[in-house]
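Visitor: just a sequence and a predicted model for now, questions to come.
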Amino acid sequence: MSVRVRFAPSPTGYLHVGGARTALFNWLYARKHGGKMVLRIEDTDAARNTEAARSAILDGLRWLGIDWDEGPDVGGDVGPYFQSQRQEIYDRHLQQLEAAGRIYTEDTGAVRFRFSREPITVHDLVCGDVTFAATEEPDMTIRRPDGSYIFHFVNVVDDLEMGITHVIRGEDHLSNTWKHIDLFNALGQSAPTYAHIPLLLNPGGSKMSKRDEGAAIANYQEEGYLPEAVFNYLCLLGWTPRAEQEKLDRETLVALFDASEIHSSNARFDLSKCQWLNAQYLRALSDEALFAVARPFLVHAELQIEDEAMATAAVASVKEKVSLLSEFPEWVHYFFKDDSPYESDVVSKLRSKPENASLLETAAETLEAVDEWTEASIQSAIAAAAEKEEVKVGALMPLLRGALSGQMRGPGVTTIAFLLGREKTHQRILQAVSLI
RNA sequence: GACCCUGUCGUCUAACUGGCUAAGACACCCGACUUUCUAUCGGGUAACUGCGGGUUCGAAUCCCGCCAGGGUUGCCA
């Protein structure tokens, strides 16, 4: 029997990291075993079921590169893939339960499922065999008086109808799984194989909630994470790929994935490691690819991109210094704007010695005299200025850095000057001198 | 309360069926390098493996008890 897994989010208006990781583990399992990934929208709660809420989930999944073989937008043989459109299917299964004598209707009109009240064992790929004693809970409601159905029932019916072979979901469902198995049995079917994966906890140690930093996948996109980095990081929580390094691409992760190696203890979410991984991915990009992904962030910061080649080089010049795309503007804005203020440590550096003015003026002169504007010629012009002023090159460089960029950090000074061009280089040095 | 899952550096995790000095990554600290850095390189702090018993020549690993954290216990999903 070929593998069929599913991710079944309810439309809440955003994709939660925990949900994303659940989707991701399902996806890995499907791809690893050549199975099908089904996406089903659990929108039985009409109040929350909006188009915007639904697309937020789909967008999040697509951004992460998690695709589905059946579900919204792609269709499939066992649809519809929205629970809100499956009423007749549920009605049919309710009748089946009725025929089996397993339901009864309350005075209020709600329908309850009669538990078998026998011990039930969940055979779980992650947690092993977990046995629940015969329950003493009241029978569970599966249909409301208004005719709509409750989660546990529709979830089971859909998994059954959609031929789901493996249910990979958060551990918060483990305690209710016996109810699902009871339902499967009552419908004369055997339950799928379960794998309950550990929960994602916030740094405080409780279940990640909407409010926690990093809870919504859309935030990662906005803050300049690359989807492959987030994908990679999420894999590392609760599962250890057996590899030399931790930066691993999708194909490798699929190849290494083994559901039985998923841990059973919860994991806290560590944003700084996710950032570190993102930095690794940024560095691995070509200059062109990096510029393509950084560009929207430059535009958002209102930097005017006139010369693409220059902009590409500017972004590339700080590639190793940045871990999020959103950090680029603050590192490169002076390549695009002339009115960026000098940072305070730059001003104090410039004013630290009275002779700094003449040093810079000399540099301006030797740079003006350069024939061809290349990094090499810029380097020798600066060296010449230093020699003329009888100081070390190392004494002049920081001044020039501050004068040209307004910052005491950044790419090499010759690179800054080269990318700025002869004219702006000259202007900015004189501007700095006027500040002294 | 009851039931379920879990417990190794601050965090994520290693440690084959019990066997080297409990390993790595992130973070942090220090140093070096460099014209600078949130970069790079090097080094370091950090876990009596939750606690207490037991089995064993030997326990992170097996057993018991306790404690702690998380989860479930809806006419939410």
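Guide: Nice, thanks for sending it over. Predicted model only: the values in this text are computed from it and were never measured. Numbering: from 1, shown residues only, chains lettered A, B, ... in the order given.
Visitor: where are the low-confidence patches of chain A?
Guide: Along chain A, segments meeting pLDDT under 70 span A:46-49.
Visitor: for the residue nearest to the spatial centre of it, which non-adjacent residue is closest in space?
Guide: With distances taken as Cα atoms, centre = their mean, the residue of chain A nearest its centroid is residue A:230 (3.9 Å). Counting by Cβ to Cβ, 6 or more residues apart in numbering, residue A:230 lies nearest to residue A:220, which is 5.1 Å off, once chain neighbours are set aside. Every C-beta, even on glycine, is put in place using the N, C-alpha and C of the backbone.
Visitor: distance of the one you found from RNA strand B?
Guide: 16 Å (Cβ to the nearest atom of the strand, to the nearest Å).
Visitor: for that residue, give me its contacts.
Guide: For residue A:220, the residues meeting the contact criterion (Cβ atoms under 8 Å, 6 or more residues apart in numbering) are A:214, A:227, A:230.
Visitor: looking at those residues, which is nearest residue A:310?
Guide: residue A:227 (27.7 Å; Cβ to Cβ).
Visitor: let me know how buried that closest one is, in neighbour terms.
Guide: 19 (other Cβ atoms under 10 Å).
Visitor: sorry, back to before: for the residue nearest to the centre of chain A, what are its contacts?
Guide: With Cβ under 8 Å, 6+ apart, residue A:230 has these contacts: A:20, A:64, A:217, A:220, A:274, A:278.
Visitor: element containing the residue nearest to residue A:230, please.
Guide: Using DSSP states H and E, the element containing residue A:220 is helix A:217-223.
Visitor: what about dumping the CA coordinates of that helix to CSV?
Guide: What follows is the C-alpha trace of helix A:217-223 in CSV, where atoms were taken according to Å, rounded to 0.1, in the frame of the first residue of the first chain:
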residue,chain,number,x,y,z
ILE,A,217,5.7,31.9,9.1
ALA,A,218,4.9,35.1,7.3
ASN,A,219,7.1,37.0,9.8
TYR,A,220,10.1,35.0,8.5
GLN,A,221,9.4,36.2,5.0
GLU,A,222,9.1,39.8,6.2
GLU,A,223,12.2,39.7,8.2
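Visitor: can you give me the offset of that helix from its chain's centre?
Guide: 7 Å (Cα atoms, centre = their mean, to the nearest Å).
Visitor: cool, stretch A:422-436 as well?
Guide: The answer for stretch A:422-436 is 42 Å, by Cα atoms, centre = their mean.
Visitor: could you list the domains of chain A?
Guide: Domains of chain A are assigned by automatic domain parsing as A:4-201, A:285-336, A:344-435.
Visitor: other SSEs contacting the host helix or strand of residue A:27?
Guide: Element membership for residue A:27, per DSSP H and E: helix A:17-32. The contact analysis (3 or more Cβ pairs under 8 Å, 6 or more residues apart in numbering; DSSP states H and E) places helix A:17-32 against strand A:4-7, strand A:36-39, helix A:51-64, strand A:166-170, strand A:193-197, strand A:200-201, helix A:227-235, helix A:250-256.
Visitor: doesn't residue A:411 lie inside a helix?
Guide: No - counting by DSSP: H, G, I helix; E, B strand; the rest coil, residue A:411 is not part of a helix but coil.
Visitor: any idea how far it lies from residue A:316?
Guide: Noted for residue A:411: a distance of 9 Å to residue A:316, by Cβ to Cβ, to the nearest Å.
Visitor: still on that earlier bit, redo the domains of chain A as JSON lines? Include distance to RNA strand B and mean neighbour count.
Guide: Formatted as JSON lines, the domains of chain A follow (distance: least, Cβ to the nearest atom of the strand, whole Å; neighbours: other Cβ atoms under 10 Å):
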{"stretch": "domain A:4-201", "distance to RNA strand B": "3", "mean neighbour count": "18"}
{"stretch": "domain A:285-336", "distance to RNA strand B": "4", "mean neighbour count": "18"}
{"stretch": "domain A:344-435", "distance to RNA strand B": "3", "mean neighbour count": "17"}
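Visitor: nearest to residue A:136, of the helices and strands packed on helix A:17-32?
Guide: Nearest to residue A:136, of those and by Cβ to Cβ, is strand A:193-197 at 23.0 Å.
Visitor: got the CA positions of the closest one in PDB?
Guide: Written as PDB, here are the backbone C-alpha positions of strand A:193-197 (Å, rounded to 0.1, in the frame of the first residue of the first chain):
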ATOM      1  CA  THR A 193      -0.300   4.400  11.500                       C
ATOM      2  CA  TYR A 194       0.300   7.300  13.900                       C
ATOM      3  CA  ALA A 195       3.400   9.400  14.500                       C
ATOM      4  CA  HIS A 196       3.000  12.100  17.200                       C
ATOM      5  CA  ILE A 197       5.800  14.600  16.900                       C
END
